[in-house]
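**Student:** My questions are about this predicted structure, shown below with the sequence.
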Amino acid sequence: IHIYLLEKSRVVQQASGERNYHVFYQLLRGLSAEDCAASYLDVLEMEQLRLVNQSGCTTIDGVDDGADLQKTREAMAAIDMGE
């Protein structure tokens, strides 16, 4: 289990080339279409969501956000966190 610490300021504004909290990208890339619809995340494409696209960086080379969502879920299960 990895711990990511990011400044609170990154939630409202990211510098060029930086991304917001990793879980936002994981959710948007890793949830099924049904889960996205149930969470109201199917309304826009990631590039249209200001929360995650301010810096113009929505992907990182070598990072699979969808696969990382599964790892995050497994880590949450390991410490007995429900979905």
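**Tutor:** Okay, I see it.
**Student:** per-residue pLDDT, residue 70?
**Tutor:** On pLDDT, residue 70 comes in at 93.
**Student:** Would you mind measuring from it to residue 26?
**Tutor:** Applying Cβ to Cβ, to the nearest Å, the value for residue 70 to residue 26 is 9 Å. Just so you know, the C-beta spots here come from the backbone N, C-alpha and C atoms, and that holds for glycine as well.
**Student:** Okay, now the unreliable bits of the chain?
**Tutor:** Within the chain, the ranges that satisfy pLDDT under 70 run 1-11, 83.
**Student:** Please report the residue range of the longest helix in it.
**Tutor:** For the chain, the longest helix by residue count, based on DSSP state H, is helix 65-78.
**Student:** Tell me the helices and strands packed up against that helix.
**Tutor:** With contacts taken as 3 or more Cβ pairs under 8 Å, 6 or more residues apart in numbering; DSSP states H and E, helix 65-78 sits against helix 22-30.
**Student:** Any chance you could give me the helix it packs on in CSV, C-alpha atoms only?
**Tutor:** Extracted as CSV, the C-alpha positions of helix 22-30 are listed here (Å, rounded to 0.1, in the frame of the first residue of the first chain):
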residue,chain,number,x,y,z
HIS,A,22,-4.5,10.2,-8.6
VAL,A,23,-7.8,8.6,-7.6
PHE,A,24,-9.8,11.1,-9.8
TYR,A,25,-8.0,9.8,-12.9
GLN,A,26,-8.3,6.2,-11.7
LEU,A,27,-12.0,6.5,-11.2
LEU,A,28,-12.6,8.2,-14.6
ARG,A,29,-10.5,5.6,-16.4
GLY,A,30,-11.3,2.5,-14.4
